[in-house]
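In: with the sequence up front, the predicted model follows.
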Amino acid sequence: MTQRMQSSMVGPQTDKRLLVLSPDDNVAVVLRALSGGEAILVSGVVVEVPIHVAVGHKIAIAAIADGESIVKYGAPIGSAIADIRIGDHVHLHNICSNYTPSHSLDAARGEHADDA
């Protein structure tokens with residue numbers, strides 16, 4: 001992707017280390033790792049990233065309430081399972097997929113407790 005394309009997709013009021021794929025999105029993709037405590041610009045507002053966020057992961061660019069849709073590519077990709085603040089890491093700990101079941105070892109143990 002050229003620098004010119006990247007800049008136009010991010011917008012002038014958002015940190016260039018974030019990629020917003022659609023104007024309807026409430027998350028952005030991190031293009032360069034962000035450190036906890038680091039300040040970034042989101043829609044003209046300086047926010048602090050609370051924890052390290054790796055390249056390719058998502059952060060919230062708008063406040064997202066518990067139960068609200070996570071929107072990426074202009075489409076809902078999941079739902080928040082907790083309130084998410086601007087700048088927060090958006091990942092398995094605070095969303096569930098609307099398309100595939102979320103699995104955990106504890107859930108699997110509970111489902112098969114009678115099999116033992």
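Out: It's in.
In: what's the neighbour count on I61?
Out: Using other CB atoms under 10 Å, the number of residues around I61 comes to 22. All C-beta atoms are positioned from the backbone trio N, CA, C, and that covers glycine.
In: wait, it sits on V42?
Out: Yes - shown here, I61 and V42 form a contact pair, counting by CB atoms under 8 Å, at 5.0 Å.
In: would you mind identifying the helix or strand in the protein with the lowest mean pLDDT?
Out: For the chain, the helix or strand with the lowest mean confidence is helix 3-10, at a mean of 40 (criterion: mean pLDDT, DSSP states H and E).
In: pLDDT of the helix or strand that that one is followed by, averaged?
Out: Toward the C-terminus, helix 3-10 is succeeded by strand 18-19 as the next helix or strand (DSSP states H and E). Strand 18-19 shows a mean pLDDT of 95.
In: check which helices and strands strand 18-19 sits against.
Out: The elements that strand 18-19 packs onto, with contact taken as 3 or more CB pairs under 8 Å, 6 or more residues apart in numbering; DSSP states H and E, are helix 3-10, strand 27-30.
In: the last one packs against which elements?
Out: The one in question is strand 27-30. Right, strand 27-30 is packed against strand 18-19, strand 58-60, strand 69-72 by 3+ CB pairs under 8 Å, 6+ apart.
In: within its sheet, name the partner strands of the last one and how each one runs.
Out: Looking back up the chat, that one is strand 69-72. The partner list of strand 69-72 in its sheet, established with DSSP bridges, is strand 75-80 (antiparallel).
In: CA atoms of the partner strand as CSV?
Out: Once non-C-alpha atoms are left out, strand 75-80 reads as follows in CSV (Å, rounded to 0.1, in the frame of the first residue of the first chain):
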residue,chain,number,x,y,z
ALA,A,75,-19.7,-4.6,8.9
PRO,A,76,-20.3,-6.1,12.4
ILE,A,77,-17.7,-8.7,13.3
GLY,A,78,-18.7,-9.4,16.9
SER,A,79,-20.2,-8.0,20.0
ALA,A,80,-18.6,-6.4,23.0
